[in-house]
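>>> Let's see this in three dimensions:
(chains A, B, C and D)
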Protein chains: 2
Amino acid sequence: MAESGAPVTMSDVARSAGVSTATVSRVVNGRYGVSARTIAQVRSAIEQLGYESSLVAASLRRSRTNVLGLVTHSFHSYTAEVLKGVMDALSQSGFDLIIYANSDLYGTFSEGWERRHLARLAGTLTDGSIVVTPSGEVRSGTPVVAVDPAKDSTAPSVTADNLAGATAVVEHLLGLGHRRIAFIAGRAGLASAQAREDGYRKALADAGTPVDPALIARGDFTPESAAPLARALLDTADRPTAIFAANDDMALSTARVARDMGLDVPGDLSVAGFDNIPDSALAEPGLTTVDQSMYLLGKEAAHMLKALVRGDEDGPRQVVLPTRLVVRGSTAAPRIS
Amino acid sequence: MAESGAPVTMSDVARSAGVSTATVSRVVNGRYGVSARTIAQVRSAIEQLGYESSLVAASLRRSRTNVLGLVTHSFHSYTAEVLKGVMDALSQSGFDLIIYANSDLYGTFSEGWERRHLARLAGTLTDGSIVVTPSGEVRSGTPVVAVDPAKDSTAPSVTADNLAGATAVVEHLLGLGHRRIAFIAGRAGLASAQAREDGYRKALADAGTPVDPALIARGDFTPESAAPLARALLDTADRPTAIFAANDDMALSTARVARDMGLDVPGDLSVAGFDNIPDSALAEPGLTTVDQSMYLLGKEAAHMLKALVRGDEDGPRQVVLPTRLVVRGSTAAPRIS
DNA sequence: CTGAAAGCGCTTACAG
DNA sequence: CTGAAAGCGCTTACAG
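Take a look at the predicted model:
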């Protein structure tokens, strides 16, 4: 059966079956023009030696590999959701998936990682790639689809409707009677961060409520960045009655800070976030937030990439998927003052 | 800058810099014996053309690639945890990670997927691989570490202490006063399923409580398999006062069935599971279960693989990591009968 | 210090 | 129906 030493190559099979490697290749790839007898011989040799063709060698020689790539700079629970969506879209499609992760950039956010990863794969291994949350414009010799693209990206992409989601959450707060609604923004440069801020401004504008610059703080999506900002916002005489943070990590951090300051959530302060991460449902009280299905983002991205690789250029290039407001216990009407 | 057409190759760089590809290769790989002037020329050509070396071509030629592989047959939230652990272990180690997923086997559980995937990578692309939850013995030309190995596997592996975890949960139930404790087993053939059953039997034996074969049902880890089994167990005159299911999916399914039958959990029936998936904390009441850190499993597996690839054969080969009992509302003392 | 050449494991025209 | 040969993009002895 399988050797424990060096891997079995096509030459080994050819020698064992008494044919050329060209013939073995034809059998392995189901090409026409091989006699039934030869096919049987080769198959039996393959079986006996436990041969598997080398992905790398085949990729190098072929122009088309039927392998799609995905690059990401870290793994979160939402990455798993994206992957599930991608795999479901690729199921039975004939495309395999290679995910490439570089050990050096994990944690350290090195600019341009997506370009380097893409280039290493695209030359030969993959027919096209998905890039999750790229830091800039993505470009490659093969088709690329971005999930949650960078600001001003013109590449094909799929993203959640951050604008509508943020608008809905702020409208929810306005509907409860809040007027002093603060906003903690996300990492500058990300399209999602910008769209969520736009939604905040839009909802206030639509309601005829002026935006108070003092109520806008700038974080970077990490809980650590939000804590001091929340403290500053709440440590004023005229403090907001509600805070909308651009993601759940920052919103949960904000709720903790409020509690530490002796404020009741939602009694003294309503808090809302964006993403609907699992922790938000577990929090006490549960966090009001906006759900975006990473599963669907991944699935749609994979469908787009398949079409691009196959050359079916029809269909929209920058897809926006709907979001959904999830109301939980962290938001309520403000106390009558 | 970057071309939009065919990828830039080493020949392109060589031509542009007026040297041979051998020299370009030396510069790219930082080999000694190249004049400062030549290095500068080559570097500038690389910069100008936006060249990135092809992972595939380099892998094919080199014996060592400094790329580790990971194969899995699906992506769950726990897969993301494993990946996080692996990436943390690989951080700054000089090893990159390639995850390979085959579209055809997703969902359909095709025997031997791990062998095929491993073979496709191991020939040339990777120096070694991690296999997550393999269905059988794993073997390859390069080192392999299994996470949650198959029963009777002798390959290097890392797994949670399923025996101790299951023992602890049953001891918890015994401590509450339960004596008729049923068990819904997991998929036969998996080492984890076997160890959890062993733990159930051990705890009962240690307590001097005989095992009633009528209280053991055989599921396959899916909620669908557990529902009819739970119904059968509870639809008897002498029904158990507690059910321990071999994983949370089956335990949550069991709790639903009990509720549908008009039984209160934990009033009429205590239910416990294994895994501590996010849903278990969200359930009402929360599910008593055993936590195993998939993050640590991944991290340890990556450390082992690094050592194997480097040829440091010291250290244990089959690592077992501790588990932790998590008591929630789904278990309580039985009603006095 | 540098280049010509061989070769990693495949696939694919090109002959026959 | 089958094989010898070239070549995918690299790396590495071997010369010089």
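
>>> center of chain A, which residue is that?
Closest residue to the average C-alpha location of chain A: residue A:132 at 4.3 Å, with Cα atoms, centre = their mean.

>>> so that residue sits right up against residue A:147, yeah?
Yes: if you go by Cβ atoms under 8 Å, residue A:132 and residue A:147 touch, sitting 4.8 Å apart. All C-beta atoms are positioned from the backbone trio N, CA, C, and that covers glycine.

>>> re earlier: over to the closest residue to the residue nearest to the centre of chain A other than its chain neighbours: give its phi and psi.
Leaving aside its sequence neighbours, residue A:132 sits nearest to residue A:72 (Cβ to Cβ, 6 or more residues apart in numbering or on different chains; 4.2 Å). In terms of degrees, to the nearest 10, the main-chain angles of residue A:72 are phi -150, psi 160.

>>> residues near residue A:72, how many?
Using other Cβ atoms under 10 Å in any protein chain shown, residue A:72 is surrounded by 22 other residues.

>>> pLDDT at it, what is it?
Residue A:72 is assigned 83 on the pLDDT scale.

>>> Looks like it contacts residue A:79 (just checking).
Yes: at 5.8 Å, residue A:72 counts as touching residue A:79 under the criterion of Cβ under 8 Å.

>>> Now the common contact residues for these two.
Counting by Cβ atoms under 8 Å, 6 or more residues apart in numbering or on different chains, the common neighbours of residue A:72 and residue A:79 are residue A:132.

>>> Residue of the stretch 151-300 of chain A nearest chain B, please.
Nearest residue of the stretch 151-300 of chain A to chain B, counting by Cβ to the nearest Cβ: residue A:278, 4.6 Å away.

>>> any idea how far that residue is from residue B:279?
Plainly put, residue A:278 is 9 Å away from residue B:279 if you go by Cβ to Cβ, to the nearest Å.

>>> next one: residue A:150
Per Cβ to Cβ, residue A:150 is found 34 Å from residue B:279.

>>> More neighbours: which of those two?
residue A:150 (20 against 16).

>>> Looking at the more buried one now. What's its pLDDT?
Reading off the confidence values, residue A:150 has pLDDT 84.

>>> what bridges to it?
On the basis of DSSP bridges, residue A:150 takes part in beta bridges with residue A:190.

>>> just to revisit the earlier point, how many neighbours does the closest residue in space to the residue of the stretch 151-300 of chain A closest to chain B that isn't next to it in sequence have?
Spatially, and ignoring its direct neighbours in sequence, residue A:278 is nearest to residue B:278 (4.6 Å; Cβ to Cβ, 6+ apart). By other Cβ under 10 Å, 16 other residues sit near residue B:278.

>>> Likewise for residue A:11?
When neighbours are defined as other Cβ under 10 Å, residue A:11 has 11 of them.

>>> secondary structure class for it?
Of the three states, residue A:11 takes helix under DSSP: H, G, I helix; E, B strand; the rest coil.

>>> Same check on residue A:244?
On the basis of three-state DSSP, residue A:244 is classed as strand.

>>> pretty sure it is touching residue A:166, no?
Yes: taking contacts as Cβ under 8 Å, residue A:244 lies within contact range of residue A:166: 7.5 Å.

>>> any common contacting residues for those two?
Taking Cβ under 8 Å, 6+ apart as the contact criterion, the common neighbours of residue A:244 and residue A:166 are residue A:200.

>>> Could you check which of the two has the larger neighbour count?
Ranked by neighbour count (other Cβ under 10 Å), residue A:244 and residue A:166 place residue A:244 first, with 34 against 27.

>>> my read: residue A:138 touches residue A:116, true?
No: in this structure residue A:138 lies outside contact range of residue A:116 using Cβ under 8 Å: 11.4 Å.

>>> Give me the more crowded residue out of these two.
More neighbours surround residue A:138 than the other of residue A:138 and residue A:116, with 22 against 15 (other Cβ under 10 Å).

>>> Surely residue A:70 forms part of a strand?
Yes: under three-state DSSP, residue A:70 falls within a strand.

>>> Now do the helices in the stretch 101-250 of chain A.
With helices called from DSSP state H, counting those that start in this stretch, the stretch 101-250 of chain A shows them at A:113-122, A:162-176, A:191-206, A:223-234, A:248-260.

>>> Throw those helices into CSV and include mean pLDDT, thanks.
Listed next are the helices of the stretch 101-250 of chain A as CSV, based on pLDDT from 0 to 100:
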stretch, mean pLDDT
helix A:113-122, 76
helix A:162-176, 98
helix A:191-206, 96
helix A:223-234, 96
helix A:248-260, 96
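
>>> Out of the ones you listed, flag the one nearest residue B:61.
With Cβ to Cβ as the criterion, residue B:61 lies closest to helix A:113-122 of the helices of the stretch 101-250 of chain A, at 14.9 Å.

>>> Need the residues that contact the closest one.
In contact with helix A:113-122 (Cβ under 8 Å, 6+ apart) are residues A:69, A:71, A:73, A:98, A:100, A:102, A:105, A:128-129, A:131, A:134-136, A:138-142, A:144, B:2, B:7, B:50, B:52-55.

>>> Only the buried subset of those residues, as a PyMOL command please.
Of the contacts of helix A:113-122, the buried ones can be selected in PyMOL as follows, counting by 16 or more other Cβ atoms under 10 Å in any protein chain shown:
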select buried, (chain A and resi 69+71+73+98+100+102+105+128+129+131+134+135+136+138+139+140+141+142+144) or (chain B and resi 7+52+53+54+55)
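
>>> What about residue A:21, how many residues nearby?
Residue A:21 has 15 nearby residues by other Cβ under 10 Å.

>>> actually residue A:335, not the one I wrote
Using other Cβ under 10 Å, residue A:335 has 12 neighbouring residues.

>>> hang on, it is in a strand, isn't it?
No: applying three-state DSSP, one finds residue A:335 to be coil, outside a strand.

>>> Do I have it right that it meets residue A:270?
No: Residue A:335 is beyond contact range of residue A:270, at 10.5 Å (criterion: Cβ under 8 Å).

>>> Give me the buried positions along the lowest-mean-pLDDT helix or strand in chain A.
Using mean pLDDT, DSSP states H and E, the weakest-scoring helix or strand in chain A turns out to be helix A:113-122, at a mean of 76. For helix A:113-122, a neighbour-count test (16+ other Cβ under 10 Å) marks A:113, A:114, A:115, A:117, A:118, A:119, A:120, A:121, A:122 as buried.

>>> quick one: the last one and residue B:192, what's the gap?
As judged by Cβ to Cβ, residue A:122 and residue B:192 stand 39 Å apart.

>>> One more: the second one?
Distance of residue A:114 to residue B:192, computed by Cβ to Cβ: 37 Å.

>>> Stretch A:129-137: end-to-end distance?
14 Å (Cα to Cα, to the nearest Å).

>>> Contacts for it, please.
With contacts defined as Cβ under 8 Å, 6+ apart, stretch A:129-137 is touched by A:68-73, A:79, A:82, A:86, A:109, A:111-115, A:118, A:121-122, A:138, A:140, A:142-150, A:152-155, A:189-190, A:298, A:301-302, A:305.

>>> domains in chain A, as residue ranges please.
Chain A breaks down into these domains under automatic domain parsing: A:10-53, A:67-159+A:294-319, A:162-292.

>>> Let me see the mean pLDDT of the shortest one.
Just to be clear, that refers to domain A:10-53. Mean pLDDT, computed over domain A:10-53, is 93.

>>> Tell me if residue A:99 really is in a helix.
No: if the criterion is three-state DSSP, then residue A:99 is strand and not within a helix.

>>> separation between the residue lying closest to it once chain neighbours are set aside and residue A:100?
Spatial nearest neighbour of residue A:99, excluding adjacent residues (Cβ to Cβ, 6+ apart): residue B:99 at 3.9 Å. In this view, residue B:99 and residue A:100 are 8 Å apart by Cβ to Cβ.

>>> Give me the number of neighbouring residues for the residue lying closest to residue A:174 once chain neighbours are set aside.
Counting by Cβ to Cβ, 6+ apart, residue A:207 is the residue found nearest to residue A:174 once chain neighbours are left out, at 5.0 Å. Using other Cβ under 10 Å, residue A:207 is surrounded by 15 other residues.
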